[in-house]
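Visitor: need a structure here:
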Amino acid sequence: MTLAAVPDATSVILHLGLGSFHRAHQAVYVQALRDTGDKAYAISGANLRPDMPEVLAALRAQGGAYTLETISPANEYRYQRIESIREVLPYEADLASVIARGADSATRIISFTVTEAGYYLDAKDKLDLSFADLAADIERARKGEPGSTIYGAVCAILRARKTGGGGPVTLLNCDNLRHNGDRFRKGLLEFIERCGDVSLQAWVQINTTCPNAMVDRITPRPPPELRERVLKATGQDDAAPITGESFIQWVIEDNFIGGRRPAWERVGVQMVESVQPYEEAKIRLLNATHSCIAWAGTLIGLQFIHEGTHTPAIRKMAFDYVTDDVIPCLSRPGTPSPVDLPAYRDVVLDRFGNPSIRDTNQRVAMDGFSKIPGFIAPTVRERLARDESIDSVAMLPALFLAFLQRWHRGEIPYTYQDQVMDPAVGHAICEAADPVAAFCSDTALWGPLAGDTRLVDAVRRAGVRVQAFVAATTKAT
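Guide: Sure thing, here's the model as predicted:
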C-alpha cells in the first residue's frame, strides 16, 4: 500500500494515539516550530484501536486541525489553532495505512502515547504474557500479522520498513513510564524474539533508537461545554477541541538516530544527555501527588482535583509526602538535582489548584496498580534502604487501600478503571482477614518489598490517619 505524501512537510512524525494529551503537548511543540517558519516536520496521526471514532472523524473532517484552550492558574484563557497534524489516518483493523506511513522513508520518527499498563512489563521489565491481548499479538506476529498492542503495531511497521528499505527510524515515547525509551526497547526486542523474527531483531538493534523522554501538561477530558466556549471565544465551531493548563514541559534525551529530528530546542524543549533527574522529579513530585489528591478527594466526596488541592488536610498530605520523603531522595549532598525541587513542588500544587481546569478525580485516580509500583514504591524502597522514616509516603498507599476498599464495596461514585489490576486480586485483598498485610504482600505492587514488616507497619499506621482524615473531613451530602 502506498500513501500520498503528507501535505506541507518533507519529514513526518507518525504518532500512535490521537488522544487529548498528544494534541495538547507534542503537536503543540511541532506547531510552535512550524510557526517559526520551520515546516520540515509534520505529524501523521492514528489510533491502534477502534476508540474515539467521533474525535477521529471530526479531525479528519477538519484536516487534522483543532483548537487548544489553555487556562492559567490566574484564570487566563487563551485559544490557539493547532494545524501540525497534517494527516489523520483512518482506523483499520489491519493497520494498513499506519504500516504504510510508518514504512515510508519520509517518516523519521514514530512516536506514541501509552499508559503505564500498556507496556505489559513485569517488575523485571519482561513481557507479562498473562495478558491475553499481548499473547494474541505475539501469535499474530508469528504469522506476519499486525496487532493492537504497541508492540504488535510497531513490530509490523518495522517489519514493513525493513522489507521496503525505509531506513533507520527513531521510536519516541511520550508518556509517564519511568525510563520509557529503555524499557519500551526491551519489551519490543523481546516481543520480536518471541515471534521468531531473528533478522528483524537484528535490524531493529542497528536501525532504531529509543530516547527516554519526560512529558508534562495536565490535560483533562474535554468537558461537554468546551465546544460552545471555543465558538464563543474564536468564532470557530470546532468538533474536536481540547483544553489544558498553560504549563507545558518536554525533556528528551538527544538520542535520535542519525541526528534526524526537529529543532525542538528552538521552541522550549529541553534536549538533554540524561532525562533521569527530570523524570524522577516529575513522576514522584507530580504524578504521585496527583494520585494522592485524587484518592483522598474521592474518599471525602469531592469530584475535582482542585477541590482536593484546596482542602487543607489533603494539601498537607501532598506537601509532607514531597518535603519529608521525596526531596531527600532526589537531592542529596554531593548529588544535587538539576531541578529546584521545593520550587517545583510549589508550582505543582499551584497547578493542581487551578479551578478552571476542572480535572476529575475519576481520571487521575485510575490505574492504581500501575501507579503504586511506578510512582510510589521507589521512594519507599530508597527511604527504607537508608533506614529512614516512610511515614509521609506511606499515606499514599494507605489512601489507595482505603479507596480500593470503597471500590470493593461498590461505593466509589464513578467507574474505576485499572488496566493492570485483576479484579479478583483487588477483591481478595479487601476480603482478607488483614487487608493491610495482604495489600503490602502483593508482589505486583511492591516487588522485593512485598511483606516487609516496616512497610506493613507504616501503612497500618497511615491507615489510622486516613480513617481519622475521612471522619473529620467528609463532605456533607
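
Visitor: strands along the chain, start to end?
Guide: Using DSSP state E, the strands of the chain run over 11-16, 41-46, 66-71, 77-82, 85-88, 107-112, 169-173, 208-209, 213-216, 242-245, 249-253, 270-272.

Visitor: name the helices or strands packed onto the third one?
Guide: Think strand 66-71. Using 3 or more C-beta pairs under 8 Å, 6 or more residues apart in numbering; DSSP states H and E, the elements in contact with strand 66-71 are helix 20-24, strand 77-82, helix 226-234, strand 242-245. Backbone N, C-alpha and C define where each C-beta goes, glycine included.

Visitor: so how far is stretch 25-35 from its chain's centroid?
Guide: Using C-alpha atoms, centre = their mean, to the nearest Å, the mean C-alpha position of stretch 25-35 is found 19 Å from that of the whole chain.

Visitor: please, where are all the helices along the stretch 101-250 of the chain?
Guide: Counting by DSSP state H, counting those that start in this stretch, one finds helices in the stretch 101-250 of the chain at the ranges 132-142, 150-164, 180-194, 198-207, 226-234.

Visitor: need the strands of the chain in TSV (columns: mean pLDDT and mean neighbour count).
Guide: Formatted as TSV, the strands of the chain follow (pLDDT from 0 to 100; neighbours: other C-beta atoms under 10 Å):
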stretch	mean pLDDT	mean neighbour count
strand 11-16	98	24
strand 41-46	98	25
strand 66-71	97	22
strand 77-82	97	15
strand 85-88	97	23
strand 107-112	98	22
strand 169-173	98	24
strand 208-209	98	18
strand 213-216	94	23
strand 242-245	95	24
strand 249-253	96	20
strand 270-272	95	17
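
Visitor: the helices of the stretch 101-250 of the chain: which one's closest to Ser392?
Guide: Taking C-beta to C-beta, helix 180-194 is the member of the helices of the stretch 101-250 of the chain nearest to Ser392, at 27.0 Å.

Visitor: got the buried residues for the closest one?
Guide: Using 16 or more other C-beta atoms under 10 Å as the test for burial, helix 180-194 gives 180-192, 194.

Visitor: what of stretch 351-366?
Guide: Neighbour counts over stretch 351-366 (16+ other C-beta under 10 Å) mark 351-354, 356-366 as buried.

Visitor: just the closest of those to Thr298, please.
Guide: Closest to Thr298 out of these is Asn361 (4.8 Å), distances taken as C-beta to C-beta.

Visitor: excluding chain neighbours, what is closest to that closest one?
Guide: Nearest residue to Asn361 in three dimensions, chain neighbours excluded: Ala294, at 4.4 Å (C-beta to C-beta, 6 or more residues apart in numbering).

Visitor: run a quick neighbour tally on the one you found.
Guide: For Ala294, the neighbour count with other C-beta atoms under 10 Å is 29.

Visitor: and for the one 3 residues further on?
Guide: Residues contacting Gly297 under the criterion other C-beta under 10 Å number 26.

Visitor: for Asp367, same thing?
Guide: Per other C-beta under 10 Å, the neighbour tally for Asp367 reads 19.

Visitor: check contacts around the residue nearest to it when sequence neighbours are not counted.
Guide: Spatial nearest neighbour of Asp367, excluding adjacent residues (C-beta to C-beta, 6+ apart): Asp418 at 5.3 Å. By C-beta atoms under 8 Å, 6 or more residues apart in numbering, Asp418 lies in contact with Ala117, Met366, Asp367, Gly368, Phe369, Ser370, Gly426.

Visitor: pick out the most distant pair among those residues.
Guide: Most distant of those, by C-beta to C-beta, are Ala117 and Gly426, 14.2 Å apart.

Visitor: where does this structure dip in pLDDT?
Guide: Along the chain, the model assigns pLDDT under 70 to residues 475-477.

Visitor: put the alpha carbons of the biggest helix by length in it into PDB.
Guide: Across the chain, the longest stretch assigned as helix under DSSP state H is helix 453-473. Taking C-alpha atoms only, helix 453-473 is exported to PDB below (Å, rounded to 0.1, in the frame of the first residue of the first chain):
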ATOM      1  CA  THR A 453       7.200  -5.600  58.200                       C
ATOM      2  CA  ARG A 454       8.400  -2.000  58.100                       C
ATOM      3  CA  LEU A 455       6.100  -1.300  55.100                       C
ATOM      4  CA  VAL A 456       3.200  -3.200  56.700                       C
ATOM      5  CA  ASP A 457       3.600  -1.300  60.000                       C
ATOM      6  CA  ALA A 458       3.900   2.100  58.300                       C
ATOM      7  CA  VAL A 459       0.900   1.600  56.000                       C
ATOM      8  CA  ARG A 460      -1.100   0.300  59.000                       C
ATOM      9  CA  ARG A 461      -0.300   3.500  61.000                       C
ATOM     10  CA  ALA A 462      -1.100   5.600  57.900                       C
ATOM     11  CA  GLY A 463      -4.400   3.800  57.600                       C
ATOM     12  CA  VAL A 464      -5.400   5.000  61.000                       C
ATOM     13  CA  ARG A 465      -4.600   8.600  60.000                       C
ATOM     14  CA  VAL A 466      -6.600   8.100  56.800                       C
ATOM     15  CA  GLN A 467      -9.600   7.000  58.700                       C
ATOM     16  CA  ALA A 468      -9.300  10.000  61.000                       C
ATOM     17  CA  PHE A 469      -9.000  12.300  58.000                       C
ATOM     18  CA  VAL A 470     -12.100  10.800  56.300                       C
ATOM     19  CA  ALA A 471     -14.100  11.000  59.500                       C
ATOM     20  CA  ALA A 472     -13.100  14.700  60.100                       C
ATOM     21  CA  THR A 473     -13.300  15.900  56.500                       C
END
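
Visitor: show me what it is packed against.
Guide: Under the contact criterion of 3+ C-beta pairs under 8 Å, 6+ apart, helix 453-473 touches helix 288-299, helix 312-320, helix 377-385, helix 395-408, helix 435-440.

Visitor: okay, those, which one's buried deepest?
Guide: Most buried of those by mean neighbour count (mean count of other C-beta atoms under 10 Å) is helix 288-299; its value is a mean of 26.

Visitor: run through who's touching that helix.
Guide: 303-305, 307-309, 311, 313-314, 317-318, 321-322, 326, 348-349, 352, 361, 363-365, 368, 371, 375-376, 379, 395-396, 399-400, 402-403, 406, 412-413, 466, 469-470, 474.
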